[in-house]
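> sequence and predicted structure below; questions after.
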Amino acid sequence: MKSKYILLLGCAITQLWAVGEAGAIFLLIAPGAGPAGTGEAQVAKADDVYASYYNPAGLGFLKGKEAAGMHVQWLPNLASDLFYEFLAYRHYIDGLGSVGGHIIFLNLGEQIGMDENANPTTNWSSFMAAAAGSFGTNLSETSSIGFNFKVFRQKLSDQPVAGEEGTGSSTDFGFDIGYLKKFKQSSSSLKSKKKKKLNSLFNQLSEIYDRQNKLNDEISAIFETDSNVYEFVEEQIYLREDLEKLRTKFISYQNMTNFSKIDTIIKFTLTDMEEIINRLNDRNNIPNIEPSKSTKKVNDIDQHAICNPAELYTDSNKNGNYDAGEPFTDTNQNGIWDQEEPFIDRNSNGSYDVAENFIDINNNGLLDLEEPFTDHVSVH
């Protein structure tokens, strides 16, 4: 007896759809490439504008506004003038929910008219169309309800065949009511998912690091020739853009203990990349310039691969020098005060040029700007 009730319940469940299809067989055509790729399993998913069609309750969880469209040549092997069109839109209203709707139009093409004796008559075009208005709102943080009101219009012929009654067309309407319940993931599942995403971000960061080191080696090599560096400028710009996008992805982890440190390192590296781009552009403008002798890469000791000016400090004892314990601005976040680095002013112009040797005090592989220099070559 129990098995009988279970069988009846199973049969009833198999007949449940969130999408009303009665009276309009063309509504069986599922819109959207995503739903088609998942076997139309969208009633519980319903997380975009297509919720207006599959389950209006899904609109209750959506914010903002969205539009989608679809144009398909339907059954091209059967006829060349069959086309399916779908257009949907949704808009969130604060404090109320989301309103939207969709329009469906199936063009059935030109039909050949014949009378009851198979004699040709006037040809006509036939179609099927539907328009729906939708509304969805939250009942709680994990559940929502939605409604559809739909109007159908079907035109199959201009006039009935002899002996038949009617006009060959019809107009109908229908209602849909949908409900959606979301079940929270377990804490272990959320942690595992978050860890997986974070590992993916660090893998992307490692990939950018490797690309930058490879580019550094190529840049060092081109200074030995008179080759053009525009392609390297372009690659450096791409690297900077990729790192900028990656930095925005880390923002979702801003509550992480080491987020501030990671964000600071990325921020400084972005500045470093901009400095490299500027120097490469200078190299294009001054083709005979020589490189500095440093071969260090971007991954310097203090995690700051650009040239810093000497850090500002408060000269408490007025002796003109920085003394341990005096407050200072830690520009590169390395925890110590960085002094100015001397360099050799080869052309005696009173400022540092990319070609001139310098003393790399903080081991960052590049000269820190605004630094004292040794003018060992004087041109008179």
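Arrived safely, thanks for sending.
> how about the nearest residue to D315, chain neighbours excluded?
Nearest residue to D315, sequence neighbours excluded (C-beta to C-beta, 6 or more residues apart in numbering): E326, at 6.8 Å. C-beta: built from backbone N, CA, C; applies to glycine.
> got phi/psi on the one you found?
phi -80, psi 140 (degrees, to the nearest 10).
> who are the contact partners of it?
Y313, T314, D315, S316, N317 (C-beta atoms under 8 Å, 6 or more residues apart in numbering).
> following the strand or helix carrying Q212, which helix or strand comes up?
Q212 belongs to helix 187-222 when assigned by DSSP states H and E. Using DSSP H and E, the helix or strand that follows helix 187-222 in sequence is helix 230-250.
> where does pLDDT dip in the stretch 51-200 of the chain?
When residues are selected by pLDDT under 70, those of the stretch 51-200 of the chain lie in 162-163, 185-186.
> quick check: the farthest pair among the contacts of E326?
Y313 and N317 (11.5 Å; C-beta to C-beta).
> okay, those two: which has more neighbours?
Y313 (16 against 9; other C-beta atoms under 10 Å).
> hang on, the earlier thing: want to throw the contacts of E326 into CSV with pLDDT and distance to N199?
Formatted as CSV, the contacts of E326 follow (pLDDT from 0 to 100; distance: C-beta to C-beta, whole Å):
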residue, pLDDT, distance to N199
Y313, 66, 40
T314, 77, 43
D315, 75, 47
S316, 79, 47
N317, 80, 50
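> from those, which ones fall inside helices?
In helices, defined here by DSSP state H, there are no members of the contacts of E326.
> would you say A30 is within a strand?
No: using DSSP: H, G, I helix; E, B strand; the rest coil, the secondary structure at A30 is coil, not a strand.
> so what's it up against?
With C-beta under 8 Å, 6+ apart, A30 has these contacts: A36, E40, Q42.
> filter those residues down to the ones in helices?
Those of those lying in helices (DSSP H): A36.
> could you dump the contacts of A30 to a markdown table with distance to E207 and neighbour count?
Formatted as a markdown table, the contacts of A30 follow (distance: C-beta to C-beta, whole Å; neighbours: other C-beta atoms under 10 Å):
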| residue | distance to E207 | neighbour count |
| --- | --- | --- |
| A36 | 33 | 13 |
| E40 | 37 | 14 |
| Q42 | 35 | 24 |
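> touching, N123 and M114? I think so.
No: here N123 lies out of contact with M114, judged by C-beta atoms under 8 Å, at a distance of 9.8 Å.
> where does Y322 land on pLDDT?
Here the pLDDT value assigned to Y322 is 69.
> domain parsing for the protein?
According to automatic domain parsing, the chain comprises the domains 20-181, 194-374.
> for Y53, which non-adjacent residue is spatially closest?
That would be H102: by C-beta to C-beta, 6+ apart, it lies 5.5 Å from Y53.
> buried ones in the helix holding Q212?
Neighbour-count burial for helix 187-222, counted by 16 or more other C-beta atoms under 10 Å, picks out L201, L205, I208, Y209, R211, Q212, L215, N216, I219, I222.
> roughly how far apart are the residue of the chain positioned farthest from its centre and S157?
Ranking residues of the chain by C-alpha distance from their mean position (C-alpha atoms, centre = their mean) puts N117 at the top, at 62.0 Å. In this view, N117 and S157 are 17 Å apart by C-beta to C-beta, to the nearest Å.
> what is the burial count for the residue nearest to A88 when sequence neighbours are not counted?
Distances taken as C-beta to C-beta, 6+ apart put H102 closest to A88, at 3.9 Å, once the chain neighbours are dropped. The tally of other residues near H102 (other C-beta under 10 Å) stands at 24.
> got the contact list for H102?
Per C-beta under 8 Å, 6+ apart, neighbours of H102: P31, S52, Y53, F86, L87, A88, Y89, A131, A132, S134.
> returning to what we had before: centre of the chain versus the helix holding Q212, how much separation?
Relative to the centre of its chain, helix 187-222 is centred 17 Å away, using C-alpha atoms, centre = their mean, to the nearest Å.
> if we can go back for a sec, what's the residue nearest to A88 sitting at in phi/psi?
As for H102, its main-chain torsions (degrees, to the nearest 10) stand at phi -150, psi 160.
> F26 versus that one, what's the distance?
In this view, H102 and F26 are 13 Å apart by C-beta to C-beta.
> swap in D272?
Using C-beta to C-beta, D272 is found at 60 Å from F26.
> these two: who's more crowded?
Applying other C-beta under 10 Å to D272 and F26 shows that D272 carries more neighbours, namely 21 against 18.
> please tell me how far that one sits from S260.
19 Å.
> pLDDT score assigned to L239?
In the predicted model, L239 carries a pLDDT score of 90.
> what's around it, how many residues?
20.
> now for it: which residues touch it?
By C-beta under 8 Å, 6+ apart, the contact list for L239 reads I208, R211, Q212, L215, M273.
> does the last one lie in a helix or a strand, and which?
This means M273. helix 259-285.
> name the SS class of the residue nearest to L62 when sequence neighbours are not counted, please.
Using C-beta to C-beta, 6+ apart and skipping the chain neighbours, the partner closest in space to L62 is S98 (5.3 Å). Secondary structure, three-state DSSP: S98 is strand.
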